[in-house]
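Visitor: starting from these lines, generate the structure:
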Amino acid sequence: MSKNVKGTAMQNEVAMRRIRVEKGMSRHQLSMATDISIRNIEVYEQGKVDLENVAYKTVKTLADALGVTPEELVHG
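Guide: Predicted coordinates:
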């Protein structure tokens, strides 16, 4: 994995978790609001899967639940 790709995944980890925590949501609450599994939310937050490689519909669903744009969620 190149440093650039890993760096992007790490930015996702920081951004998504930071946004969720700022909104006062637990992973469970976000899962319930989006019908996305807690495990998938963990994977996205930990940067194991780059949000740029996730279906737009999924990113939009997460962003809507967190009250941000998809771009903010993906790029911080």
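
Visitor: contacts for stretch 20-37?
Guide: When contacts are taken as CB atoms under 8 Å, 6 or more residues apart in numbering, the neighbours of stretch 20-37 outside the stretch itself are 38, 41-42, 45, 58, 61-62, 65-67. Where you see a C-beta, it was placed from the backbone N, CA and C, and this is true even at glycine.

Visitor: at 6 Å what do you get?
Guide: Contacts of stretch 20-37 from elsewhere in the structure, counted by CB atoms under 6 Å, 6 or more residues apart in numbering, are 38, 41, 61-62, 65-66.

Visitor: distance of residue 39 relative to residue 72?
Guide: Going from residue 39 to residue 72 by CB to CB, to the nearest Å gives 23 Å.

Visitor: repeat that for residue 26.
Guide: From residue 26 over to residue 72 the distance is 20 Å, taken as CB to CB.

Visitor: please apply the same query to residue 37.
Guide: For residue 37, the distance to residue 72 under the criterion CB to CB works out to 22 Å.

Visitor: okay, the two: which has more neighbours?
Guide: For the pair residue 37 and residue 72, the greater number of neighbours falls to residue 72 (14 against 11), based on other CB atoms under 10 Å.

Visitor: point out where the chain drops to low pLDDT.
Guide: Screening the chain residue by residue with the criterion pLDDT under 70, one finds the ranges 1-13.

Visitor: can you pull the contacts of the residue nearest the centre of it?
Guide: A centroid search over the chain (CA atoms, centre = their mean) returns residue 16, at 4.2 Å, as the residue closest to the centre. Under the criterion of CB under 6 Å, 6+ apart, the contact partners of residue 16 comprise 44-45.

Visitor: can you tell me the helix or strand for it?
Guide: When elements are assigned from DSSP states H and E, residue 16 belongs to helix 3-22.

Visitor: would you map the helices across this protein?
Guide: Listed in chain order, the helices found in the chain under DSSP state H are 3-22, 27-34, 38-45, 56-66, 70-75.

Visitor: what are the buried residues along the shortest one?
Guide: For helix 70-75, burial by neighbour count (16 or more other CB atoms under 10 Å) applies to 70, 73-74.

Visitor: in a markdown table, list those residues along with distance to residue 31.
Guide: Conversion of the buried residues of helix 70-75 to a markdown table gives the following (distance: CB to CB, whole Å):
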| residue | distance to residue 31 |
| --- | --- |
| 70 | 18 |
| 73 | 16 |
| 74 | 19 |
